[in-house]
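A.B. asks: sequence and predicted structure are below.
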Amino acid sequence: MLFQVQMTVKLPTDMPSNQAAEIKAKEKAYSQELQHAGKWRHLWRVAGSYENVSVFDVEDNAELQEIISGLPLFPYMEINVKPLCRHPSSVHDGDA
Ligand SMILES: O=C(O)CC1=CCC(=O)O1
């Protein structure tokens, strides 16, 4: 199942920079592991904001929830999830 997930990062302005850097490093490692595993299929920066648009390929809603709630930045993000299905005019296979 494919999902578009939009994540907007809102770190507290008073968070010490070393703590922020540590969380971001953990987030990077976590996301790269999932990208290598094929679960996190796309990761795009929204130009001009601390926000990304991602596409996840997961078994079900429960797996998506597990992945998202495990994000090190999860406590500091607004997250919007949209289920995706194949567009009838797409020339690509259903594999996104
Ligand atoms: O910087 C972001 O958009 C948050 C994020 C998600 C995966 C990652 O490595 O950073």
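C.D. replies: That came through, no problem.

A.B. asks: please name every helix or strand in contact with the helix or strand hosting residue 24.
C.D. replies: Assessed by DSSP states H and E, residue 24 sits inside helix 17-36. In terms of contacts (3 or more Cβ pairs under 8 Å, 6 or more residues apart in numbering; DSSP states H and E), helix 17-36 is packed against strand 40-45. (Each C-beta comes from the backbone N, C-alpha and C, glycine too.)

A.B. asks: identify the residues contacting the strand it packs on?
C.D. replies: 2, 31, 34-35, 51-57, 67, 96 (Cβ atoms under 8 Å, 6 or more residues apart in numbering).

A.B. asks: ok, which of these also contact the ligand?
C.D. replies: Among the contacts of strand 40-45, proximity to the ligand is found for 31, 52 (Cβ under 6 Å from any ligand atom).

A.B. asks: filter the contacts of strand 40-45 to the buried ones?
C.D. replies: Among the contacts of strand 40-45, those classed as buried by 16 or more other Cβ atoms under 10 Å are 2, 31, 34, 51, 52, 54, 56, 57, 67.

A.B. asks: enumerate every residue touching the third one.
C.D. replies: Taking Cβ under 8 Å, 6+ apart as the definition of contact, the neighbours of residue 34 are 40, 67.

A.B. asks: just checking, residue 80 touches residue 46?
C.D. replies: No. Contact criterion Cβ atoms under 8 Å: residue 80 and residue 46 do not qualify, at 11.8 Å.

A.B. asks: about what we covered before: turn the contacts of strand 40-45 into JSON lines, including secondary structure and pLDDT.
C.D. replies: Shown next, in JSON lines, are the contacts of strand 40-45 (DSSP: H, G, I helix; E, B strand; the rest coil; pLDDT from 0 to 100):
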{"residue": "2", "secondary structure": "strand", "pLDDT": "97"}
{"residue": "31", "secondary structure": "helix", "pLDDT": "98"}
{"residue": "34", "secondary structure": "helix", "pLDDT": "98"}
{"residue": "35", "secondary structure": "helix", "pLDDT": "98"}
{"residue": "51", "secondary structure": "strand", "pLDDT": "98"}
{"residue": "52", "secondary structure": "strand", "pLDDT": "98"}
{"residue": "53", "secondary structure": "strand", "pLDDT": "98"}
{"residue": "54", "secondary structure": "strand", "pLDDT": "98"}
{"residue": "55", "secondary structure": "strand", "pLDDT": "98"}
{"residue": "56", "secondary structure": "strand", "pLDDT": "98"}
{"residue": "57", "secondary structure": "strand", "pLDDT": "98"}
{"residue": "67", "secondary structure": "helix", "pLDDT": "98"}
{"residue": "96", "secondary structure": "coil", "pLDDT": "53"}
